[in-house]
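A.B. asks: pasting the structure only:
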């Protein structure tokens, strides 16, 4: 069946007004043009849609049924076009966001509030994981962007928004704090709870010890989500290496304490990572909004 949406629109107006002359005025089309429209539809359907009644037109039984279906088709078409316009403009669609454990508490709420306020038709699909896991998801085109630690990686485009510092920390009553000025070698005798080896902060910490001729920290527990196990850190003598943002978070404030050592103080940036090349309009809009927020 070959029916144009334009003919459906014209047919709807003719059916609702029941008069070709009035429909002609509303649609700004000549009566002969509208007559041809009706004829095209009737030829396609193989049935009459109208019958004359006085000076007007009334729908036949087939015409009444076709009117209901034509309106649904036209409304669906209008919604589809509207949705596509929103998608192209970046004001609708879905953005698949990967998020690291730390930024789930800090950047993710800002991102969600930004989307709700400025892009209410855009839905977010959130995936929590480590940086190396999330980057693999981008490579496999399962994510549009990552909100987390920004690393120097030419494979991806990156933008940093928040300065972050990672430090050694322990529970408030940890024996290490009995020392007036702890040194790096004083940490040797303790077990650690650390990120898994592929995580960049773990690599940095291991290198900090190795560069000074000291053995790498001995992990008693390895995890890909340090911020979520603060209760364990706070109830043992395990040392950890985590963000100051976590130390200052209401959930952990007063529970953990930084071990002040210049050698184990790592600075980094939190922000977004995304693939080079074209992005979906909604992803680009979200990145632009984050840029604007960061510059304010």
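C.D. replies: Yep, it's here. Small disclaimer: the values here were computed from a predicted structure and weren't measured. Numbers count the residues shown, from 1 in each chain.
A.B. asks: what comes up buried for the helix or strand where residue 43 lies?
C.D. replies: For residue 43, the host element (DSSP states H and E) is helix 31-45. Buried residues in helix 31-45, defined by neighbour count with 16 or more other CB atoms under 10 Å: 34, 37-38, 40-42. Any C-beta I mention is one placed from the backbone N, CA and C, and that applies to glycine too.
A.B. asks: Give me the packing partners of it, helices and strands only.
C.D. replies: Counting contacts by 3 or more CB pairs under 8 Å, 6 or more residues apart in numbering; DSSP states H and E, helix 31-45 packs against helix 5-17, helix 20-27, helix 61-89.
A.B. asks: Dump the ones you listed to CSV, plus mean pLDDT.
C.D. replies: CSV is the format used below for the helices and strands packed on helix 31-45 (pLDDT from 0 to 100):
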stretch, mean pLDDT
helix 5-17, 89
helix 20-27, 89
helix 61-89, 79
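A.B. asks: Tell me which of the ones you listed lies nearest to residue 135.
C.D. replies: Across these, residue 135 has its closest neighbour in helix 61-89 (26.1 Å, CB to CB).
A.B. asks: right, and the helix or strand after that closest one?
C.D. replies: Scanning forward in sequence from helix 61-89 by DSSP H and E, the next helix or strand is strand 92-99.
A.B. asks: Identify the residues contacting that next one?
C.D. replies: By CB atoms under 8 Å, 6 or more residues apart in numbering, the list of residues contacting strand 92-99 from outside reads 83, 86-87, 107-108, 111, 115, 119, 121-129, 134, 137-138, 142-148, 280-283, 286.
A.B. asks: Please identify the most buried of the helices and strands packed on helix 31-45.
C.D. replies: Among those, judged by mean count of other CB atoms under 10 Å, the one packed with the most neighbours on average is helix 5-17 (a mean of 18).
A.B. asks: contacts for that one?
C.D. replies: Applying CB under 8 Å, 6+ apart, the contact partners of helix 5-17 are 20, 23, 26-27, 29, 34, 37-38, 40-41, 49-50, 57, 59, 63, 66-67, 70-71, 73-74, 77.
A.B. asks: Kindly recompute the last result at 6 Å.
C.D. replies: Under the contact criterion CB atoms under 6 Å, 6 or more residues apart in numbering, helix 5-17 has outside partners 23, 26-27, 34, 37, 40-41, 59, 67, 70, 74, 77.
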